[in-house]
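In: Model the following, please.
(chains A, B and C)
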Amino acid sequence: MTGAERIVDMHDLLLDAYGPQGWWPSRSSFETVVGAVLTQGTAWTNVEKAIRALRRAGALSPEAMTELPHAHLTALIRPAGFFTRKADTLRSVLTKADLEFGGFDGLLSAPPSELRETLLSVRGVGPETADAVLLYAAGHPAFPVDTYARRVLGRHRIIDERAPYDDVAHLVVEALEGNERMLNEFHALVVRVGKDFCRSRPRCGRCPGEGERRSTGLK
DNA sequence: CGCCAGGCCGTGT
DNA sequence: ACACGGCATGGC
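Out: Here you go, the predicted model:
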């Protein structure tokens, strides 16, 4: 079985086991983008605190957040960690959207490649955040390669755990034939199963070829 | 107390 | 092209 076939199988199996995950959990595309930035290197529970604070402050729209004094923004997202950097990043996205795309909706409406390049040009937005925005806020085929994707696909020997980001992303997008619905579910399902087994139960024994990681493995 | 979480960036090899 | 430390809070 090829890697692509195993990825399709994994998607089908996980979907049967867990059901649709309903990602991205948010009330608007703007909230999705905010969440994508805030969750960088941060537990989702902490992101929820920050999102709730923003909502209470009425700052969960591009216009409202633009009006918000920077010190307020920084204070509101504090629970999400790395808050000085993340506040700057959110501000930069909004500024760039206004200057170059006539606003946030204009940015999201840009062609996928232009949207991705623009997002990547913002300090604090890397490939995973950009691909999460493409997939979950703009509805384009993309695959955000996060720590869980690396872990799960790596332990199943479908990829080398430290393969370059774009290699992994392209492999999955090709495997799922650019099917946005499947890419959406697959990313969410991989996070779900990764939380269930790969973290709380390292070496759970369910991944093929798990025994040789420390003995012979490593290139 | 230590480790980790739905990363990214600047610096040094 | 990689390795590494810094960025920061909160839960277990």
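
In: pLDDT at whichever residue of chain A sits closest to DNA strand B, what is it?
Out: Closest to DNA strand B within chain A is A:Gly126: 2.3 Å, counting by Cβ to the nearest atom of the strand. Using the backbone N, CA and C atoms, a C-beta is placed for each residue, glycine as well. Predicted confidence (pLDDT) for A:Gly126: 98.

In: try the one 10 residues further on
Out: Note on A:Tyr136: pLDDT of 98.

In: again, but for A:Val133
Out: Reading off the model, A:Val133 has pLDDT 98.

In: Would you confirm that A:Thr89 contacts A:Arg123?
Out: Yes. Counting by Cβ atoms under 8 Å, A:Arg123 is a contact partner of A:Thr89 at 6.5 Å.

In: Which one of those two is surrounded by more residues?
Out: Between A:Thr89 and A:Arg123, A:Thr89 has the larger neighbour count (other Cβ atoms under 10 Å), namely 19 against 9.

In: what sits against the closest residue to A:Trp24 other than its chain neighbours?
Out: Nearest residue to A:Trp24 in three dimensions, chain neighbours excluded: A:Tyr136, at 3.8 Å (Cβ to Cβ, 6 or more residues apart in numbering). Neighbouring residues of A:Tyr136 by Cβ atoms under 8 Å, 6 or more residues apart in numbering: A:Trp23, A:Trp24, A:Thr32, A:Ala36, A:Asn184.

In: So chain A: which segments form each domain?
Out: A:3-22+A:143-199, A:29-137 (automatic domain parsing).
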